[in-house]
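Engineer: Using only what follows, build the 3D model:
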Amino acid sequence: MEAVLWYVLTGTRGGPNRVRILRAIDKRPRNANQLADRLDLDYTTVRHHLDVLRDHDVVTRTGDGYGTVYYPTEGTQRHWDLVEEIAEGRPL
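Structural biologist: Alright, predicted model coming up:
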């Protein structure tokens, strides 16, 4: 999980937005529209980042369609200190 977090949060241009998404859903599960509004990002951008995070088992979801909410996986929660360490090392 550590290598995955380093990759998805620092290995690509989208890392800073993925950190922002993770921090937002750590506070409470949210759907893509709520994340787009809260983070002032385009909805399709948020969906892309959520798909990347899901593909790497960093976030999971519950529900279907528009109401689908996302939250960090247990693995991500266990390594939350690393998420914050990565976040603090990058300008967001």
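Engineer: Just the element for the residue nearest the centre of the chain, please.
Structural biologist: Centrality entry for the chain: nearest residue to the mean C-alpha point is residue 22, 3.5 Å, by C-alpha atoms, centre = their mean. Residue 22 belongs to helix 15-27 when assigned by DSSP states H and E.
Engineer: just checking, what packs against that helix?
Structural biologist: helix 2-10, helix 32-39, helix 43-55, strand 59-62, strand 69-72, helix 80-88 (3 or more C-beta pairs under 8 Å, 6 or more residues apart in numbering; DSSP states H and E). (Each C-beta comes from the backbone N, C-alpha and C, glycine too.)
Engineer: got a list of contacts for the third one?
Structural biologist: Applying C-beta atoms under 8 Å, 6 or more residues apart in numbering, the contact partners of helix 43-55 are 8, 12, 14, 17-18, 21-22, 32-33, 35-36, 39, 59-61, 70.
Engineer: now swap in the fourth one and tell me
Structural biologist: Outside strand 59-62, the residues within contact range by C-beta under 8 Å, 6+ apart are 21-22, 25, 29, 50, 53-54, 68-73, 76.
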